[in-house]
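Undergrad: structure of the sequence below:
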Amino acid sequence: EVMQLPAHKQVSPALATWTLAEAVWASSYRSAAKGLKAMYGHQVISHESVRRLVLEMGQELEKSKAEHLHNPEGTRKAKLLFLEVDGLMASLQREKKHRRVEEKLLTVHEGWQPRHPASKEYRLVHKRHFRTQEKEFWEAASRFVYSIYDLDPETVVVINGDRAPWIREGVGYFPRAIYQVDPFHLKRDLRAIFRQKEQVLAQLEEARRSDATGAAFLGKLAEAVSELKDPKKRRQGEALLKDLADIPDAVVDYRLRLQAMGLST
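TA: Residues are numbered from 1 along each chain as shown. The predicted structure is shown next:
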């Protein structure tokens, strides 16, 4: 009572904090308990108590996040915002039948800058992460963004992701948003279709970087697909063309599109 420690708690707040840090750094609950024992010279806390603390903190964080997202009132301002979105298939453990769930992930940031003035490595500016398994991903994810940012009608949001339909839906949740087909995924698909055709790949990349409408890229892609001799590769190319038909500008380098909107890049 004199030290004003929480009632009915066997672990003090400071020890709980350090235990949680050990649980993150160590490879297991047992390793965390052993790390504390090595530091203090005697058994401080059992591995089961480490596990209980981690679960309790996880529940508190989930509750706090839910309350925060229920009334999102962000205050941070940004002229340009990037949302990197993807899905990760994860196998569930301790299940009688093999089951997998899709964890949907979002990283929001304001661009990137060198780690130091002479660095060739970069870091994301004001990076924040969000993840959920909810089907209504953007309902929750947009609340997360709005809980950090106060977006005005002039703020441009660039949503970058593969061609999954659920990622494209994000443009409807922000006043001024564009969808960008992630260049890594696009180049990977193109290389699979036009393997060892370096000249074709170079022409497609040039078209992607030179025309803000995407028409030049789709025209080059259609021409290249029509010349494919392999039936399997041609089917893959035609499927890609069909998928991109209604979003031609989304394949274009986003900087060209921002410049066309009168923004400095």
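Undergrad: what is the burial count for the residue lying closest to residue 204 once chain neighbours are set aside?
TA: Residue nearest to residue 204 in three dimensions, not counting chain neighbours: residue 220, with 5.5 Å by CB to CB, 6 or more residues apart in numbering. C-beta: built from backbone N, CA, C; applies to glycine. Residues within reach of residue 220, counting by other CB atoms under 10 Å, total 18.
Undergrad: quick check: residue 220 vs residue 255, distance?
TA: Distance, residue 220 to residue 255, by CB to CB, to the nearest Å: 20 Å.
Undergrad: ok, residue 46 next?
TA: Residue 46 sits 55 Å away from residue 255, taking CB to CB as the criterion.
Undergrad: can you give me the strands for the protein?
TA: Along the chain, the segments classed as strands by DSSP state E run 80-91, 100-109, 112-114, 122-124, 128-132, 156-161, 177-181.
Undergrad: I'd like the ones you listed as a markdown table, with distance to residue 149 appended.
TA: What follows is those, written out as a markdown table (distance: least, CB to CB, whole Å):
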| stretch | distance to residue 149 |
| --- | --- |
| strand 80-91 | 7 |
| strand 100-109 | 8 |
| strand 112-114 | 18 |
| strand 122-124 | 15 |
| strand 128-132 | 10 |
| strand 156-161 | 9 |
| strand 177-181 | 13 |
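Undergrad: between these, which one is nearest to residue 236?
TA: Relative to residue 236, the nearest member of those by CB to CB is strand 177-181, separated by 16.0 Å.
Undergrad: the closest one: partners in the sheet, and parallel or antiparallel?
TA: Using DSSP bridges, strand 177-181 pairs in its sheet with strand 156-161 (parallel).
Undergrad: what's the spacing between the partner strand and its chain's center?
TA: Counting by CA atoms, centre = their mean, to the nearest Å, strand 156-161 is centred 11 Å from the centre of its parent chain.
Undergrad: average pLDDT for it?
TA: Throughout strand 156-161, pLDDT has a mean value of 96.
Undergrad: same deal with stretch 120-139?
TA: Averaged across stretch 120-139, the pLDDT comes to 91.
Undergrad: try stretch 14-27
TA: 90.
Undergrad: now stretch 45-53
TA: Rounded to a whole number, the mean pLDDT of stretch 45-53 is 92.
Undergrad: do stretch 231-240 as well
TA: Mean per-residue pLDDT for stretch 231-240: 93.
Undergrad: report the central residue of the protein.
TA: For the chain, the residue sitting closest to the mean C-alpha position, by CA atoms, centre = their mean, is residue 106 at 3.2 Å.
Undergrad: is it in contact with residue 85, as I believe?
TA: Yes - using CB atoms under 8 Å, residue 106 is in contact with residue 85, at 5.2 Å.
Undergrad: between those two, which contacts overlap?
TA: Between them, residue 106 and residue 85 have residue 141 as joint contacts when contacts are counted by CB atoms under 8 Å, 6 or more residues apart in numbering.
Undergrad: follow-up on the earlier one: residue contacts, the residue nearest to the centre of the chain?
TA: The contact partners of residue 106, taken as CB under 8 Å, 6+ apart, are 83-85, 129-131, 141, 144.
Undergrad: just the helices in the chain please.
TA: Using DSSP state H, the helices found in the chain span residues 13-25, 29-40, 47-70, 137-148, 165-168, 183-193, 198-210, 215-226, 231-244, 254-260.
Undergrad: who are the packing partners of the third one?
TA: If I follow you right, that is helix 47-70. Helices and strands in packing contact with helix 47-70 are listed as helix 13-25, helix 29-40, helix 137-148; criterion 3 or more CB pairs under 8 Å, 6 or more residues apart in numbering; DSSP states H and E.
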